[in-house]
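Participant: Got a sequence here, can you model it:
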Amino acid sequence: MAVTRKNSAQLSTSKSGNASTSKPQGTEPQPSGKGSRKRSLDSDQSGEPKSKNAKTREQVAAAPRDYCAKYKARIVSLRAELAAHAPVVCDQVGGWACGLHAVLSGWCLALGLTFRPTATLDEQFYRDAITMINSAVYGLVEAQLISDFLKCTGYVTPDGSPASRKFNNTVELENTTALNNLVAQIVDDDLLTAVMAQSEQGN
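Facilitator: From the prediction side, this is the model:
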């Protein structure tokens with residue numbers, strides 16, 4: 001996945017550049033009275049909606065929900081919850097981000113989300129990603145929060161996630177041994193399911 005990581009210096013330079021080229025207030029063209037009524041996609045030639053459920057173009061263009069609201073509120077409380085646990089369990093050292101992207105990409109695939117190849121990721125994104133990953137290790141986050149985080153930050157497109165991919169909470173993993181035991185259990189369950197399926201076909 002091709003992404004761009006901006007540091008704080010680049011972000012501040014970008015902001016100052018935008019400020020110098022911004023238009024002063026009051027320079028935007030004012031809409032005329034003609035055609036000011038919002039045309040419905042299901043409207044007749046007069047502009048009147050054909051049904052009560054007809055939506056205007058503005059309504060259709062709007063996002064189905066605010067992905068950022070819940071995520072931004074929860075990320076603050078998650079940091080407080082993590083403080084009550086052991087020291088940070090997952091971190092990316094040396095300025096690298098490959099390990100973080102491995103986890104985030106795994107979440108995208110697991111939740112059936114679509115990568116956004118042109119995503120621009122800043123330092124705040126990586127700080128929040130570390131908080132989300134550590135919280136997931138302690139079983140503190142659910143599928144919806146992970147999805148909201150990835151969509152709000154632009155890591156994925158705002159497409160929906162299949163209901164079958166959602167879960168209430170991540171599994172708490174105390175250490176690598178707990179992770180290995182969980183993986184072994186999943187493999188055993190899959191093998192048992194396969195054996196039972198073959199047995200039923202043979203009867």
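Participant: Can you check the pLDDT for residue 58?
Facilitator: You'll see residue 58 listed with a pLDDT of 42.
Participant: scratch that, residue 159
Facilitator: Confidence score, pLDDT, at residue 159: 82.
Participant: In a strand, it, correct?
Facilitator: No. Assessed with DSSP: H, G, I helix; E, B strand; the rest coil, residue 159 is coil; it does not lie in a strand.
Participant: which residues does the residue lying closest to it once chain neighbours are set aside contact?
Facilitator: Leaving out its chain neighbours, the residue that sits closest to residue 159 by Cβ to Cβ, 6 or more residues apart in numbering is residue 114, at 5.3 Å. Where C-beta positions appear, they are placed from N, C-alpha and C, glycine not excepted. By Cβ atoms under 8 Å, 6 or more residues apart in numbering, residue 114 lies in contact with 108, 156, 157, 159.
Participant: again, 7 Å this time
Facilitator: For residue 114, the contact set (Cβ atoms under 7 Å, 6 or more residues apart in numbering) comprises 156, 157, 159.
Participant: just checking, residue 161 touches residue 112?
Facilitator: Yes. At 5.2 Å, residue 161 counts as touching residue 112 under the criterion of Cβ atoms under 7 Å.
Participant: With neighbour numbers in mind, choose between those two.
Facilitator: Ranked by neighbour count (other Cβ atoms under 10 Å), residue 161 and residue 112 place residue 161 first, with 20 against 15.
Participant: got the contact list for the more buried one?
Facilitator: Per Cβ under 7 Å, 6+ apart, neighbours of residue 161: 111, 112, 113, 147.
Participant: Could you pull up phi and psi at it?
Facilitator: Note on residue 161: backbone dihedrals following degrees, to the nearest 10 are phi -110, psi 130.
Participant: Kindly state the pLDDT recorded for the residue lying closest to it once chain neighbours are set aside?
Facilitator: Nearest residue to residue 161 in three dimensions, chain neighbours excluded: residue 111, at 4.7 Å (Cβ to Cβ, 6+ apart). With respect to pLDDT, residue 111 has a value of 94.
Participant: neighbours around residue 111, how many?
Facilitator: Using other Cβ under 10 Å, residue 111 is surrounded by 18 other residues.
Participant: do the one 10 residues further on as well
Facilitator: Other residues within reach of residue 121 by the criterion other Cβ under 10 Å amount to 19.
Participant: how near is it to residue 133?
Facilitator: 15 Å (Cβ to Cβ, to the nearest Å).
Participant: and if you look at residue 191?
Facilitator: In terms of Cβ to Cβ, residue 191 sits 29 Å off from residue 133.
Participant: Tell me which of the two has more neighbours.
Facilitator: residue 133 (22 against 10).
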